[in-house]
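# requesting a structural model of the entry that follows:
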Amino acid sequence: MDRILIVSVFVVASCGLAYELICGALASYLLGDSVLQFSSIIGAYLFAMGIGSHLSKYVRDEDVLPRFIDIELLVGLIGGLSATLLFLVYGWLAAPFRTVLYALVVVVGILVGMEIPLVMRVMNARKAEFNELVSRVLTFDYMGALAVSLLFPLVLAPKLGLARTGLLFGLMNAAVAVWTAWSFRAELPRLKASVRRAVVVLVLLVAGMGLSDKLNTWAEQGIFGDEIIHAQTTPYQRLVVTRWHDDTRLYINGNLQFSSRDEHRYHEALIHPAMQTLPWARHVLVLGGGDGLAVRELLKYRHLQSITLVDLDPAMTRLFSTAEALTALNQGSLKDKRVQVINDDAGRWIETAGRSFDAIFIDLPDPSNFGLGKLYSEPFYRRIAHQLAEHGLVVVQSTSPYFAPKSYWCIDATLREAGLTTWPYHAYVPSFGEWGFIIAGKAARFMPPTRYDVPMRFLDGPATALMFQFPPDMQRVVVEPNRLNTQSLVHYFEQDWGNVIR
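Next comes the predicted model:
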């Protein structure tokens, strides 16, 4: 019997950590700022577990076993359905999302906090040695946590998704309840009632597993509004592609990346002011931009011999290399013979690049968390400068100088701190509003182009001249450069966009 309980400890520890990871990952997907979300959720969860451990002492000795079974069923039901419920709440009732999120974290945490003390009491009632009891329980508790911490990011989340992963662990909790009830059936006073409850929970969880795809599609339909033509959870992010009439949109972790109706404005502004002044350029590097749209613009320059694209997520580049609607948008740029696609972390790859580039375009997501903030830091830009040809140019997408002025000018200050000369500019993109870019170089002397030699839908000489002029409400502000030990840019970004949202 003790072996049964020890195995139960392993399973319930795995499930308890899984629910915590699911809530943290889902909150970071939907709310951004993964450090804040994971930190607050872990803190709330551990606090709730402490409450649960305290409450367990009020369970009478004769009720310990049936209460443990009931708690397993409750944890399985609530924890198993938590991700699906949170998706539905965010999609259709966005206002109380945080309230529901933390309510679920606290409830599940309290129930999980009661599990181990009750198991120890059951084993203690069987005259187990206290030292051996504590050692065995905690050993399997930590082993279960380790197993899930490895499986969750590598296998479960990317293969099953958050909702199905939650339901899987819910079924495991319910299985522990059924297994315990059967193994100790002689000691359970109301076995039939426990079995009936277990059957109800199992039916609900199995039904949830079967309906998971439909429920998640319905939830994301509420989040994004338009028809979802592709949705995928990768080890790195959540990718969703939507379509409404002629408008195709990409969302990463719920944040809009482009709209096909106006992405040409963004990508022409990103690429052509610099490239028009570099007719001698032969080798170009793009960091980020796994959608291939920046590469599409670069391929207009016949003098380029190679374009190296470094994007973290292979699922992203694979999607934009194979999906017909998306390859039509990027004109099959990722399959061009001049293009080399490398799936790696930009910061890690640039350290070992071992070659220089005539132009470098940094088209990374906004610095909404510390993991991204390091790719906007002074040490990173120094490495970029080291890989840049002496008279080459680097271009950085730099968030909005209107909505996020501190963030924008922090990026500019960081580039200058890294020893580069900068030329800030901006363009209006309807889907985003006023958006900012910065050209930088080591020894280059840059002048905005007055004409372009490649076909364009948006840019011409007069439009380019206006991009390099900043009106009074977008003038430079005094900010600190973004250093790794402080990550001031991430804090500026939170302040800027927090003010916009309020």
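
# what are the phi and psi values at residue 285?
phi -120, psi 130 (degrees, to the nearest 10).

# so what pairs up with it in the strands?
Taking DSSP bridges as the rule, residue 285 bridges to residue 308, residue 360.

# after the host helix or strand of residue 75, which helix or strand is next?
If you go by DSSP states H and E, residue 75 is part of helix 64-92. As assigned by DSSP H and E, the chain's next helix or strand after helix 64-92 is helix 97-125.

# now that following helix: buried residues?
97, 100-102, 104-123 (16 or more other C-beta atoms under 10 Å). All C-beta atoms are positioned from the backbone trio N, CA, C, and that covers glycine.

# for stretch 157-176, same thing?
Quick answer for stretch 157-176 (16+ other C-beta under 10 Å): 157-158, 160-176.

# cool, and stretch 469-480?
474, 479.

# the residue lying closest to residue 14 once chain neighbours are set aside: neighbour count?
Sequence neighbours aside, residue 144 is the residue nearest to residue 14 in space, at 4.0 Å (criterion: C-beta to C-beta, 6 or more residues apart in numbering). Neighbourhood size, residue 144 [other C-beta atoms under 10 Å]: 22.

# need the contact list for residue 144.
Contacts were defined as C-beta atoms under 8 Å, 6 or more residues apart in numbering; by that measure residue 144 touches 9, 10, 11, 12, 13, 14, 17.

# check residue 305 too.
282, 283, 338.

# now the buried members of these.
Taking 16+ other C-beta under 10 Å as the criterion, what is buried in the contacts of residue 305 is 283, 338.

# contacting residues for residue 202?
Contacts of residue 202 by C-beta under 8 Å, 6+ apart are 171, 174, 178.

# picking that back up, of the contacts of residue 144, closest to residue 39?
residue 17 (15.7 Å; C-beta to C-beta).

# angle of whichever strand or helix holds the closest one against helix 64-92?
Under the criterion of DSSP H and E, residue 17 resides in helix 2-31. Calculated by axes from the mean of the first three to the mean of the last three C-alpha atoms, to 10 degrees, helix 2-31 forms an angle of 20 degrees with helix 64-92.

# chain center to helix 2-31: distance?
The chain centroid and the centroid of helix 2-31 are separated by 20 Å under C-alpha atoms, centre = their mean, to the nearest Å.

# in it, what's buried?
Across helix 2-31, burial judged by 16+ other C-beta under 10 Å covers 5-6, 8-31.

# after the host helix or strand of the residue nearest to residue 14, which helix or strand is next?
Using DSSP H and E, residue 144 falls within helix 130-151. Downstream of helix 130-151, the next assigned helix or strand under DSSP H and E is helix 157-183.

# please state the mean pLDDT value computed over the helix holding residue 144.
When pLDDT is averaged over helix 130-151, the result is 71.

# walk me through the domains of the protein.
For the chain, automatic domain parsing gives the domain ranges 2-219, 227-257, 263-501.

# least reliable of those domains going by mean pLDDT?
Among these, domain 2-219 carries the lowest mean pLDDT, at a mean of 81.

# pull the longest helix from the chain.
helix 191-224 (DSSP state H).

# residue contacts, the residue nearest the centre of the chain?
Nearest residue to the geometric centre of the chain (C-alpha atoms, centre = their mean): residue 237, 4.3 Å. Listed by C-beta under 8 Å, 6+ apart, the contact partners of residue 237 are 29, 252, 253, 313, 316.

# which one of the contacts of residue 202 is nearest to residue 393?
Of those, the one sitting nearest to residue 393 (C-beta to C-beta) turns out to be residue 171, at 55.4 Å.

# how far away is the spatially closest residue to that closest one that is not a sequence neighbour from residue 164?
Spatial nearest neighbour of residue 171, chain neighbours left out: residue 205 (5.1 Å); criterion: C-beta to C-beta, 6+ apart. Distance, residue 205 to residue 164, using C-beta to C-beta, to the nearest Å: 11 Å.

# what about residue 436, which SS state?
Look at residue 436: counting by DSSP: H, G, I helix; E, B strand; the rest coil, its state is strand.
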